[in-house]
Each structure stands twice: as structure tokens, then as C-alpha cells.
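Peer 1: Generate coordinates for the sequence data below:
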Amino acid sequence: MHALNLPALPCVWAEQLADWAVDALIDEADLSPKPALVDRRGNGAHQDLHLGLMHASALSLWPTFAAMAEAAAQAGSVSLPLREALGRLGREGEVAMLHTTAGVNTHRGAIWALGLLVAAAALVPRASSAAVLAEHAARLAQLADRYAPQQPSHGSEVARRYAVGGAREQAQLGFPAVIQQGLPQLRRSRAAGHGEQNARLDALLAIMATLGDTCVLHRAGPVGLATMQQGAQAVLDAGGSASLAGRRRLHTLDTQLLALNASPGGAADLLAACLFIDRLEQGECPRSQG
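Peer 2: Numbers count the residues shown, from 1 in each chain. Just a heads-up that it's a prediction; the model follows:
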């Protein structure tokens, strides 16, 4: 039988969610020109990262996201056993990621954010809104994992030092930077006809304009954070990345953040979360529903 005449495979939902999570990570990495981040132009403010490594890291996480979705589907509801299963799977995924990247932290924050969202997507009806999805992810994030390592991370130390929420609080609050900033800006820029890549850049900038990004704070302190937030808002105020004035301000922001060695990695993780939710809302499945 000719391959084109073969019957379509059923769309296994956990696998589809993992596909979309990995796609979101790759789309975020490829998006250009991102200020001081790895993209198609180069490695931004990172000496140990490059685009190929980001792709390999994203692909290595597919089994982790699929396992998280399956665990949530089997659990059927938000619960402490599910939260602890997700924590275990996330730590195992991090080991696989670090093995792939020879020890470079490429997507630790994204495992946390996308892992919660993948699990939430497996718990809620498929037509659920972004707000419902984020609310389920928040309920999972609010549960304490008894088996989580106790040593503080750079992100948690920075969050404590500068009194900002960090990745954990973003999740526990239902990803407000995504739901209130990133997704609305993505839709506004699309509706204005700015093109998909510009719309995604604008979504990233909307997240950067308000986020207390612990990656920037770790590298460049409050000066770096203010530069990121004010510069991102300036791009949007100038008409966004689709306008000539906006592109000029985006280039200026890129130059300023590179000079500070300040990479907005937290915002990048949340853009990936934004792109995952957007893909989920579109509900496109390349395989037939079983």
C-alpha cells in the first residue's frame, strides 16, 4: 500500500501535548531578533549556549513532557501524589537534559513551567480556556513536593534578595505574565496584521516589560532589570517590532542588555509557555483524533 493511502494514526493526547511543548521550545529558540537571547543570529549574552544546543535540549525533553501528561491523565485531578510525580519526572528530565547538553542548563525553568501546563492540559477538557488551564497549573504549583531538593537555586536566591516573585510565584499565581501580558499582546499584534514572527516578538516584549526576571537580576541586578523592562516597553510604545521605530528601539535594547551581560531567560521560558497555550487553544492536531 502506498504511504499516502495508509490510515491515519490516532492522535494520542499525551504525545500531542509533548509535541506542542517541544515545538514551543524550538519556536522560542528560533525566534529572531530576541534581545540578548540565543536565536538565529547567535548566542546572545550566553557563552555556553547556541541554537543547535537549544534544539537538542528541547528534543531531549519530549519523553519527560509525555510522561507528565500521562501521569496527569491517570491521576484525573490535582493532588499531592500527582504534584510529587511531576516533581520526580521533572528532575529525571533535567538529568536527561544535562546529559544531552554536557552539563549546560538550557531549559530548567522551562521544565517547571511547561511541565505544569502539560499536566494541566491533560486534566482539563480540551476546549478549556487559557485561564482555566493556568488555574489548574497554579493549583499544582501551590502544592509542596516533599521530595524536592532543599538546596536553593540561583533563581530562588535572587528572588529572595530582590523581593521578586520568580518562576515559582509566576506558576503559583497562574502565570500572570503569560495570561495578562504575553497572550493578549500576541493576539493584538496578529489582529493588527504584524505577521507571526513580529507578533511573537511583541509577546516576548510584553512579558519582559513587567516581569521581575531573576535571570536578568542574577546577571545585572536592578539596573539590568530596569533596562529590560523600560526598553521592552519602549519598543511596544514605538509601534512594536513590526514598525521601523520599534525595530530601532529593539536594536538599542539588544545592545544595552548585551553590554550588561543580561539575558532575559525567565521571559524566554514564559514565551515558550505562551506559545504552548496558544497552540493548545488553536487545537490543531496533525493526526486524527482516536
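Peer 1: you'd agree residue 61 is up against residue 106?
Peer 2: No. The pair residue 61 / residue 106 is not scored as a contact, 9.4 Å apart, by C-beta atoms under 8 Å. From N, CA and C alone the C-beta is placed, and that goes for glycine too.
Peer 1: so what sits against both of these two?
Peer 2: The contact sets of residue 61 and residue 106 overlap at residue 97 (C-beta atoms under 8 Å, 6 or more residues apart in numbering).
Peer 1: how about the strands in the protein?
Peer 2: Along the chain, counting by DSSP state E, strands occupy 10-11, 288-289.
Peer 1: rank those strands by pLDDT, which is bottom?
Peer 2: Per-stretch mean pLDDT for the strands of the chain is lowest at strand 288-289 (a mean of 34).
Peer 1: Residue ranges in this structure under the pLDDT threshold?
Peer 2: Within the chain, the segments meeting pLDDT under 70 span 1-11, 154, 284-290.
Peer 1: now with 50?
Peer 2: Residue ranges of the chain with pLDDT under 50: 1-10, 286-290.
Peer 1: how close does the residue found closest to residue 252 once you drop the neighbours it is linked to in the chain get to residue 184?
Peer 2: Among residues not flanking residue 252 along the chain, residue 231 sits closest, at 6.9 Å (C-beta to C-beta, 6 or more residues apart in numbering). Computed as C-beta to C-beta, to the nearest Å, the residue 231 to residue 184 distance reads 20 Å.
Peer 1: So for those two, which residue has more residues nearby?
Peer 2: Comparing residue 231 with residue 184 by other C-beta atoms under 10 Å, the one with more neighbours is residue 231, at 21 against 14.
Peer 1: Tell me how many other residues surround the residue nearest to residue 203 when sequence neighbours are not counted.
Peer 2: Leaving aside its sequence neighbours, residue 203 sits nearest to residue 186 (C-beta to C-beta, 6+ apart; 4.0 Å). Neighbour count for residue 186, taken as other C-beta under 10 Å: 24.
Peer 1: so residue 186 makes contact with residue 197?
Peer 2: No. Between residue 186 and residue 197 there is no contact under C-beta under 8 Å: 11.4 Å.
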